[in-house]
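Colleague: give me the fold of what follows.
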Amino acid sequence: MSTQIDKMSVNAIRVLAADAVQKANSGHPGLPLGCAAIGYELWGRHMKHNPANPKWPDRDRFILSGGHGSTLLYSLLHLFGYGLTKEDLMNFRQDGSLTPGHPEYGHTIGVEATTGPLGAGMGMAVGMAAAEAHLASIFNKEGYPVVDHYTYVLGGDGCMMEGISSEAMSLAGTMGLGKLIVIYDSNSISIEGSTDIAFTENVQKRFEAFGFQTITVEDGNDTDAIGKAIEEAKADTTRPSLITVKTQIGFGCPAKQGKASAHGEPLGAENIEALKDNLGWPSKEPFFVPDDVYANYSGLAKAGADKEAEWNALFADYCAKFPEMKTLWDEYHDEDRAAKVLDTEDFWAHGDAAEATRSVSGKVLNKAKAVLPNLVGGAADLAPSTKTYMNGAGDFSKADYSGCNFHFGVRELAMAAIGNGLMLHGGLRAFVSTFFVFSDYTKPMARLSALMKLPLTYVFTHDSIGVGEDGPTHEPIEQLAMFRAMPGFAVYRPCDATETAAAWYYALTNKDTPTALVLSRQNLPQMAGSSRDALKGGYVIDDSTKAVPDVILMASGSEVSLAVDAKKVLADEGMDVRVVSMPSMDIFERQSDEYKESVLPKACRKRVAVEALSDFGWGKYVGLDGAYVTMHGFGASAPASKLFDKFGFTVDNVVKAVKSL
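Modeller: Purely as a prediction, here's the structure:
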């Protein structure tokens, strides 16, 4: 039953959120005011968490998908004692503060995911819930549920409108993720006004169709009803749950409550006063919270600490009784393990026959899986083509959560978000996969991978006009430039088996960078000069005789062999040519100036870039005096060999480009 201290504790969230937005003169007070009771009830009475140890492995996860309402989360983190101070709240949205405009993972303690793009949190929550289900199936023993926690995600009408929520929740229902609980802040208001202007669907019926249990709370301020709904959601172990909570945006502010103007602008000084009067708040002082409210939150936090203490005792008994599982647990959670076990001759070994890098990748992936039990992932209904199926590792499904192969269906955007969630949860190393041209569908979530510094691996195959007969709709042109342009994102386009192994090695051993492996459909020859120097991003694969060559040919992927063949013709004509393989511009740029100069000496200004994609991004290496053999439009529908001739990817055309300098 809700007491006076409960009401004061709920209103403390509202007051802190409103004051933070007002002081910053920027932000979104509407969601925090409307959802304060949800936050208090969930965090205070149902969610398993310990502010003294925000990384406790068996904590419940909470994701604020409506990240614009960040002051809700920041107020909760402050009140529960996660180390976020009142001064941090006062610095909301200021440079260098721990309270940026939208929550940022790795920047603010207690933030489980970077959110802001609406619906993104929905997809990542599905990944976290899937990770919990998978790890529980691996580690739990009878009487020892060492992995046993829920994933909660709070989102509003905007999250429900975004297509990613349908993609992700459709899959969550199919997977039967019973420990996923979606809380829908249903206030029927968007920036432009009533949601009726663009959104009249029955969200509950949609989620029922996905396979969810659906529950409705009619009053968003009724903490008892909210609590009952959460327990009802937990009771259904076979289906994920949607709790629709009818709220009022900007609740408590008489002039703004229920109006679109409450969404994304400060309430104003007069309205802040009216809010505090309306709520019966005991002080007009900004950021004031009574001591008894802090004491209440402290008591609730102590209950969470007790929960962890119980788990620690259980886990200690578990490790003593099942020492082999303790060893496995440590392997799953050792971030340095990949480098220890992948740096072997077998990992780098390959045959001499020409082979598509997508096929080589599949073999390397299976070698990695043999020594990395926590490697999981899959494709957007394309595993036979992207070669991303791990043999003997089982399929993750409602019937068997221990499987490591995920079938994401034709849901590229949700797949990338779920991949982020798998990584955010902890204990797993994940990859996702689709055709490179469809990487456009993954871009928003790939950007979040980079922002969060998550080493999620993206396997993109069918990397150029080499796709052939499927035509321009399936032939990527500008996508490589798009990913190369993204900060904190490594892109590898390998030319052969050695470079493909290097790409996978980097992807699985680095700790803070997502990696895209951009792989060929067609067979590529094994290059005599390829080496583990591919780990430096760019290197000399076929050298000149002079320290400063007459010409430098630069290429990636399938065009490296073309550059080497062109060098032979040019050598016969008396030109001293160096061929540089550039599988990853991103990694090359991280090398020392001395190394970069040794590969691309400034004294050689005659340079040609050869790549069957857009030339965008090559300019910094080609310079004003260089030339390009690249794509300048979309592809066509024809056999790949015909297309390479048609668009000028021939020895003769490369030689012609060199001679034009």
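
Colleague: which residues of the stretch 401-550 of the chain fall in helices?
Modeller: For the stretch 401-550 of the chain, the helices defined by DSSP state H, counting those that start in this stretch cover 412-425, 443-452, 479-484, 497-509.

Colleague: with the stretch 151-300 of the chain instead?
Modeller: Under DSSP H, counting those that start in this stretch, the stretch 151-300 of the chain gives helices at 157-161, 163-175, 203-210, 223-235, 269-279, 291-321.

Colleague: list the contacts of Leu328.
Modeller: Counting by Cβ atoms under 8 Å, 6 or more residues apart in numbering, Leu328 touches 138-139, 373. Where you see a C-beta, it was placed from the backbone N, CA and C, and this is true even at glycine.

Colleague: how about those in TSV, adding distance to Leu76?
Modeller: Output for the contacts of Leu328, formatted as TSV (distance: Cβ to Cβ, whole Å):
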residue	distance to Leu76
Ile138	31
Phe139	29
Pro373	36
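
Colleague: which stretch among the helices of the stretch 151-300 of the chain comes nearest Gly394?
Modeller: helix 163-175 (14.1 Å; Cβ to Cβ).

Colleague: can you spell out which helices and strands pack onto that closest one?
Modeller: Packing partners of helix 163-175 (3 or more Cβ pairs under 8 Å, 6 or more residues apart in numbering; DSSP states H and E): helix 120-139, helix 203-210, helix 412-425.

Colleague: okay if I get the helices of the stretch 151-300 of the chain as a markdown table plus mean pLDDT and distance to Ser592?
Modeller: Below are those laid out as a markdown table (pLDDT from 0 to 100; distance: least, Cβ to Cβ, whole Å):
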| stretch | mean pLDDT | distance to Ser592 |
| --- | --- | --- |
| helix 157-161 | 98 | 45 |
| helix 163-175 | 98 | 41 |
| helix 203-210 | 98 | 52 |
| helix 223-235 | 98 | 54 |
| helix 269-279 | 98 | 54 |
| helix 291-321 | 98 | 44 |
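
Colleague: compare the ones you listed and give me the one nearest Ala260.
Modeller: helix 157-161 (11.4 Å).

Colleague: who wins for most neighbours among the contacts of Leu328?
Modeller: Compared across the contacts of Leu328, Phe139 has the highest neighbour count, 20 neighbours, by other Cβ atoms under 10 Å.

Colleague: that residue reaches Val147, doesn't it?
Modeller: Yes: counting by Cβ atoms under 8 Å, Val147 is a contact partner of Phe139 at 5.3 Å.

Colleague: list the contacts for the closest residue to Ser170 other than its chain neighbours?
Modeller: Excluding its sequence neighbours, the residue lying closest to Ser170 (Cβ to Cβ, 6 or more residues apart in numbering) is Phe210, at 5.0 Å. Neighbouring residues of Phe210 by Cβ under 8 Å, 6+ apart: 166, 169-170, 172-174.

Colleague: and the end-to-end length of stretch 58-71?
Modeller: 25 Å (Cα to Cα, to the nearest Å).

Colleague: which one of the contacts of Leu328 is nearest to Leu73?
Modeller: Of these, the one sitting nearest to Leu73 (Cβ to Cβ) turns out to be Phe139, at 29.4 Å.

Colleague: so how far is Gly378 from that closest one?
Modeller: Distance, Phe139 to Gly378, using Cβ to Cβ, to the nearest Å: 21 Å.

Colleague: ok, now Ala338?
Modeller: In terms of Cβ to Cβ, Ala338 sits 19 Å off from Gly378.

Colleague: again with Lys86
Modeller: 45 Å.

Colleague: now Phe634
Modeller: 29 Å.

Colleague: swap in Ile226?
Modeller: For Ile226 relative to Gly378 (Cβ to Cβ), the value is 36 Å.

Colleague: who's more crowded, the two?
Modeller: Gly378 (28 against 25).

Colleague: can I assume that one sits in a strand?
Modeller: Yes: counting by DSSP: H, G, I helix; E, B strand; the rest coil, Gly378 is part of a strand.

Colleague: residue contacts, the nearest residue to Gly127 once chain neighbours are set aside?
Modeller: Closest residue to Gly127 apart from its sequence neighbours, by Cβ to Cβ, 6+ apart: Gly421 at 1.9 Å. Taking Cβ under 8 Å, 6+ apart as the criterion, Gly421 is in contact with 113, 123-131.

Colleague: Met585: what's it in contact with?
Modeller: 484, 491, 537-538, 617.

Colleague: just among those residues, which is most surrounded?
Modeller: Busiest of these [other Cβ under 10 Å] is Val491, holding 28 neighbours.

Colleague: pairing partners for it in the sheet, please.
Modeller: Beta-bridge pairing of Val491 under DSSP bridges involves Ala516.

Colleague: could you number the chain from 85 rather than 1 from now on?
Modeller: Got it, first residue is 85 now, which makes that one Val575.

Colleague: and the gap between it and Glu678?
Modeller: 24 Å.

Colleague: okay, now the unreliable bits of this structure?
Modeller: 85 (pLDDT under 70).

Colleague: if I pick the closest residue to Trp365 other than its chain neighbours, what's in contact with it?
Modeller: By the measure of Cβ to Cβ, 6+ apart, the closest residue to Trp365 outside its immediate chain neighbours is Val99, 5.8 Å from it. Val99 is in contact with 359-360, 363, 365, 371-373, counting by Cβ under 8 Å, 6+ apart.

Colleague: assign a three-state SS to Val99, would you?
Modeller: With three-state DSSP as the criterion, Val99 reads helix.

Colleague: endpoint to endpoint, stretch 712-722 covers what distance?
Modeller: First-to-last residue span, stretch 712-722, Cα to Cα: 23 Å.

Colleague: list the buried residues of that stretch.
Modeller: 712-715, 719 (16 or more other Cβ atoms under 10 Å).

Colleague: save those as JSON lines, and put in distance to Pro350 and secondary structure too.
Modeller: Output for the buried residues of stretch 712-722, formatted as JSON lines (distance: Cβ to Cβ, whole Å; DSSP: H, G, I helix; E, B strand; the rest coil):
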{"residue": "Tyr712", "distance to Pro350": "51", "secondary structure": "strand"}
{"residue": "Val713", "distance to Pro350": "55", "secondary structure": "strand"}
{"residue": "Thr714", "distance to Pro350": "49", "secondary structure": "strand"}
{"residue": "Met715", "distance to Pro350": "49", "secondary structure": "strand"}
{"residue": "Gly719", "distance to Pro350": "51", "secondary structure": "coil"}
